[in-house]
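Asker: attaching a predicted model along with its sequence, questions to come.
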Amino acid sequence: MPLFTTGSKLIRDLEKYGALGVYAPLEGGFEGRYRRRLRATGYTTLNITARGLGDVSAYLTGVHGVRPPHLGKKSVGQGAAVGYVYYLPPIVGYNLEQLPPKSKGLVLWIIEGHILSNQEIEFLVNLPSLDPRVKIVLERGGERYFRWQPLRDTLAPSYQAV
């Protein structure tokens, strides 16, 4: 297992395919190295988790409402007694607007991707075609060594026929 890696093959594949599914050792460590290599080549990285995303397309590309935990406090009035809804800007659009002028683009590094459905993964596969500055790295599971493949190839075989 090499301790130092340039990450150039991962970066080339990410630029070629736009979305990669990665399998990393469960003890961790490799993700940070590859994210550091991505930042060194001009990409801005955003690390998020797949847990709690809800509607992936709305969360990443549209204005979406969130309702924080009420912690025993209830809203007053005619609305639901579970708290207020706060509306947030689209994560991808907001971060693309904030990119530095010389940045190559935005890399969404999504951990715990094994909980996403095939439809959600298909959306992530197609997201880089909507805006070429967006790249996706989705952690699909554990492995004894760090490896990746195009995200489309990680879909279930019955779903790939579409």
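Answerer: Noted; the coordinates are in hand.
Asker: now the helices for this protein?
Answerer: Secondary structure of the chain (DSSP state H): helices at 8-17, 30-40, 56-61, 91-97, 118-130, 157-160.
Asker: save these as JSON lines, and put in distance to residue 138 too.
Answerer: Heads up, the C-betas are built off the backbone N, CA and C, glycines and all. Output for those, formatted as JSON lines (distance: least, C-beta to C-beta, whole Å):
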{"stretch": "helix 8-17", "distance to residue 138": "11"}
{"stretch": "helix 30-40", "distance to residue 138": "12"}
{"stretch": "helix 56-61", "distance to residue 138": "11"}
{"stretch": "helix 91-97", "distance to residue 138": "14"}
{"stretch": "helix 118-130", "distance to residue 138": "6"}
{"stretch": "helix 157-160", "distance to residue 138": "15"}
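Asker: by mean pLDDT, show me the worst of those helices.
Answerer: With a mean of 62, helix 157-160 has the lowest mean pLDDT of these.
Asker: go ahead and confirm residue 64 touches residue 56.
Answerer: No. Using C-beta atoms under 8 Å, residue 64 is not in contact with residue 56; the gap is 10.4 Å.
Asker: can you tell me how far residue 131 is from residue 90?
Answerer: Distance, residue 131 to residue 90, by C-beta to C-beta, to the nearest Å: 11 Å.
Asker: what do you get for residue 62?
Answerer: Computed with C-beta to C-beta, the distance linking residue 62 and residue 90 is 5 Å.
Asker: so between these two, which is more surrounded?
Answerer: Higher neighbour count among residue 62 and residue 90: residue 90, with 17 against 14, using other C-beta atoms under 10 Å.
Asker: show me what contacts that one?
Answerer: Neighbouring residues of residue 90 by C-beta atoms under 8 Å, 6 or more residues apart in numbering: 59, 60, 61, 62, 63, 64.
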